[in-house]
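sequence isn't available, so here's the structure alone:
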């Protein structure tokens, strides 16, 4: 199964909004997919969560407002919390969903390697150098 890009309706549900600007949402989703593909190509099937997160951040805070006061209420957001961007967590999630980024082992031994020792192990080489009982 291939990656299916989320819809504007799904972005509205993700954000908990009854109404959403479909054209703007579609543009943000398209751009979020392009950003995600800069990390992993092709996108994994479950990458829609990351795409919705990226598009949702840009939809709710397009001007990167970091502090806002309206009447007695004020809100402060972290710097850079607006616009369209991938966080480290987004990149890590994409890599993990694609099956990359985990621990792995590399065996440098060639397939044609002979398991026998490359040094002499016969009695002629060692002679009687060892103490009794170590032969």
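Yep, it's here. Values in this document were obtained by computation on a predicted structure and should not be read as measured data.

which parts of the longest helix belonging to the chain are buried?
Criterion DSSP state H: the longest helix present in the chain is helix 22-37. Neighbour counts over helix 22-37 (16 or more other CB atoms under 10 Å) mark 25, 26, 27, 28, 29, 32, 33, 35, 36 as buried. The way it works is simple: take the backbone N, C-alpha and C, and place the C-beta from them, glycine included.

which one of these is nearest residue 76?
residue 28 (23.7 Å; CB to CB).

ok, that closest one to residue 41 distance?
20 Å (CB to CB, to the nearest Å).

returning to that earlier point: redo the buried residues of helix 22-37 as a markdown table? Include pLDDT and distance to residue 47.
Below are the buried residues of helix 22-37 laid out as a markdown table (pLDDT from 0 to 100; distance: CB to CB, whole Å):
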| residue | pLDDT | distance to residue 47 |
| --- | --- | --- |
| 25 | 92 | 17 |
| 26 | 93 | 17 |
| 27 | 94 | 18 |
| 28 | 93 | 15 |
| 29 | 93 | 12 |
| 32 | 93 | 10 |
| 33 | 94 | 8 |
| 35 | 92 | 11 |
| 36 | 92 | 6 |
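
tell me which helix or strand the residue most central in space within the chain sits in.
Centroid check for the chain by CA atoms, centre = their mean gives residue 92 as the closest residue, at 2.5 Å. Residue 92 is part of helix 88-97, with elements assigned from DSSP states H and E.
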